[in-house]
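> no sequence on this one, just coordinates:
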């Protein structure tokens, strides 16, 4: 082999070595970026899961409270029927107003329950996107 050819091969080897080093650095950069991206996505999904769990707990609490108010309302309605047969017209008006207030509270709570349910559903649908 001639000296010129040896120099050419040497330059080619140096160039190929440099390219290999650049490719190794690029591969390392891609791996680090991928790892950071996965960690960020994992944290985001954990936050979503926590929000969803608290939403479910809120939903259950509202549901239980609505049931309690409905029971109270039905009990007051039964009491009102008993009182109507025993008391005067003035007492009946007062109890009827209280029953109507309890019924209105139950309706308001039911409305609040449905509203919070819609909010949870919309939040859940929005988080999936």
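Right, received. Where do you want to start? From a predicted model like this one, the values you see are computed outputs, not experimental measurements.
> give the rounded mean pLDDT of the longest helix anywhere in the chain.
The longest helix of the chain (DSSP state H) is helix 3-86. Regarding helix 3-86, the rounded mean pLDDT is 86.
> chain center to that helix: distance?
11 Å (C-alpha atoms, centre = their mean, to the nearest Å).
> look up how far residue 41 lies from the residue nearest to the spatial centre of the chain.
When C-alpha atoms, centre = their mean is applied to the chain, the residue found nearest the centroid is residue 52 (3.0 Å). Distance of residue 52 to residue 41, given as C-beta to C-beta, to the nearest Å: 16 Å. Every C-beta, even on glycine, is put in place using the N, C-alpha and C of the backbone.
> so what's the residue count around residue 60?
Neighbours of residue 60 under the rule other C-beta atoms under 10 Å: 10.
> actually residue 36, not the one I typed
For residue 36, using other C-beta under 10 Å, the count is 10.
> find the nearest non-adjacent residue to residue 55, please.
residue 120 (4.7 Å; C-beta to C-beta, 6 or more residues apart in numbering).
> give me phi/psi at that neighbour?
Backbone torsions for residue 120, taken as degrees, to the nearest 10, come to phi -60, psi -40.
> which residues are in contact with it?
By C-beta atoms under 8 Å, 6 or more residues apart in numbering, the contact list for residue 120 reads 55, 56, 58, 59.
> farthest-separated two in those?
Greatest spacing in the contacts of residue 120, by C-beta to C-beta: 56 and 58 (7.3 Å).
> I'd like the distance between the residue nearest to the centre of the chain and residue 99.
From residue 52 across to residue 99, the span is 38 Å (C-beta to C-beta).
> before we move on, what about residue 2?
112 Å.
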